[in-house]
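>>> Need coordinates for the below:
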Amino acid sequence: MPASLVVGPLDHCGAEMNGRLQAIVNGYFVSLAPPTRLNLTASRAESAGLGPDQTFQIVDLGGGRVALQSEASGRFVCAEDAGAAPLVCDRDEAHEWETFELVDLGNTEVALRALANGKFVCAEDAGQGLLIANRDAVGSWETFRLVRLYAADGLVHELDFVVDMGSDDLRGGRDNIDLLLTTDDGVSRHYPNINGGQRWAPGTWPRAYVVLDPPVALEAITALTLTATVTGGIDGDNIDIHGIAITGRDGERSWPVATVGAVRFTGTFRSLTVPVGHPTLLLKIATKDDDLRGGNDNLDVIVRRRIGRDLTFHNVNAGQRWADGSLHEVTLDLPDDTTIEDLRDLVLRARVSGGWNGDNWTMDWLQGRLRTRDGDVLVFQHGYQRFRGSSRDLVIPRS
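Predicted coordinates:
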């Protein structure tokens, strides 16, 4: 093995970060492989529990190069036999064979290129085999999500976006989504391309992860602005999204930050600002056996209050079709002083025309929860309802 020392186990000068590697190809975490716990496999499900065997110190060697030191054994990961053999975690010090280039792929995804042979680390056989540095290019087998382990300090270190895609994809490449996070001190942080340039296909549930450095208190976040770099039109891109759930986390806990309802980004509508910290009415609406067509046939929601003006939200499905048997989330931002006692009833107004050429819509059920900083509580619920041209409104009293 080459003799030039890069870093020792105790006296290195680079920074360290505690983290885990999740194989994109199968969703499992990289772990020391039984029974010897020397080789590495992408074989540990999060549901089975994660511990020291799946945890590594990511030792920063500078210049984008790192060493991986097992928390369980204290040994370094090595590209054995100059990369010709599977990775092995049995070295007391990090030399050339224990050094990897950490390639940032965006959206917290990385690839590892072994310095020993210039090849990328692969979760062989779609994750069923041992990890080995033997690939010339990066695909799903060579892509890993770097899951950082943060301090349990009550601050938001990372935002997790779970996206429910509609019928029109996010193309990726030059068409992406940027995030602007605004805090109560008036400072805005820009996080470009949170999808990492990846395509989000119609009908899928992609995720995006945004690391906040430095972390921020949840109560300090006032708004999240999503901007799509799309041009619309025939040659450009439009994006349909049914909903987005945004969660923040530290090293121990997670908190709901915001929920986004249906939105369509186009060349003329590129940005959406989501207030954070305001009272929010979260509606879950299930369609039964007759769709809401979208286009000109859409749904309005009216929140009737005991004090103050009623609040009307037009076209909450953003012109999108709600297919038979589908489930949708709608987010309605309410005034800061809204309490449960302020809510009187909820009106659903389906702008459908019925008849042979028009549209009818059958709702299977609805649940509405009021979310505040203190949590959320069920305030509206209703079962089956069929909307026609002659019966477009449904009034739901507060539970």
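>>> Pass me the low-pLDDT residue ranges in this structure, would you?
The model of the chain has pLDDT under 70 over residues 1-16, 233-236, 354-358.
>>> Break it down into its structural domains.
For the chain, automatic domain parsing gives the domain ranges 16-148, 150-277, 278-399.
>>> most tightly surrounded among these?
Here the criterion is mean neighbour count by mean count of other Cβ atoms under 10 Å, and of those the winner is domain 16-148, at a mean of 19. Every residue, glycine included, has its C-beta placed from N, CA and C.
>>> How far does it sit from its chain's centre?
23 Å (Cα atoms, centre = their mean, to the nearest Å).
>>> just stretch 157-175 next, same as before
With Cα atoms, centre = their mean as the basis, stretch 157-175 stands 8 Å off its chain's centre.
>>> what does stretch 326-340 rub up against?
Stretch 326-340 has contacts (Cβ atoms under 8 Å, 6 or more residues apart in numbering) with 164, 242-243, 245, 258-262, 274-275, 278-287, 291, 301, 303, 305, 308, 311, 313, 316-317, 322, 370, 377, 379, 398.
>>> Of those residues, which belong to strands?
Those of the contacts of stretch 326-340 mapping onto strands are 164, 242-243, 245, 258-260, 274-275, 280-287, 301, 303, 305, 311, 313, 370, 377, 379, per DSSP state E.
>>> Now the closest residue to E124 other than its chain neighbours: which helix or strand?
Nearest non-adjacent residue to E124, counting by Cβ to Cβ, 6 or more residues apart in numbering: I132, 5.7 Å away. For I132, the host element (DSSP states H and E) is strand 131-135.
>>> Parallel or antiparallel, which strands does whatever helix or strand comes next after that strand pair with?
Later in the chain than strand 131-135, the nearest helix or strand by DSSP H and E is strand 144-148. Here strand 144-148 is paired, per DSSP bridges, with strand 16-23 (antiparallel), strand 109-114 (antiparallel).
>>> Keeping just the C-alphas, turn the last one into CSV.
The reference is to strand 109-114. The C-alpha trace of strand 109-114 is given here as CSV (Å, rounded to 0.1, in the frame of the first residue of the first chain):
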residue,chain,number,x,y,z
GLU,A,109,-26.6,13.4,-2.7
VAL,A,110,-22.9,12.5,-3.2
ALA,A,111,-20.6,10.1,-5.0
LEU,A,112,-17.3,8.8,-3.6
ARG,A,113,-14.3,8.5,-5.9
ALA,A,114,-11.4,6.4,-4.6
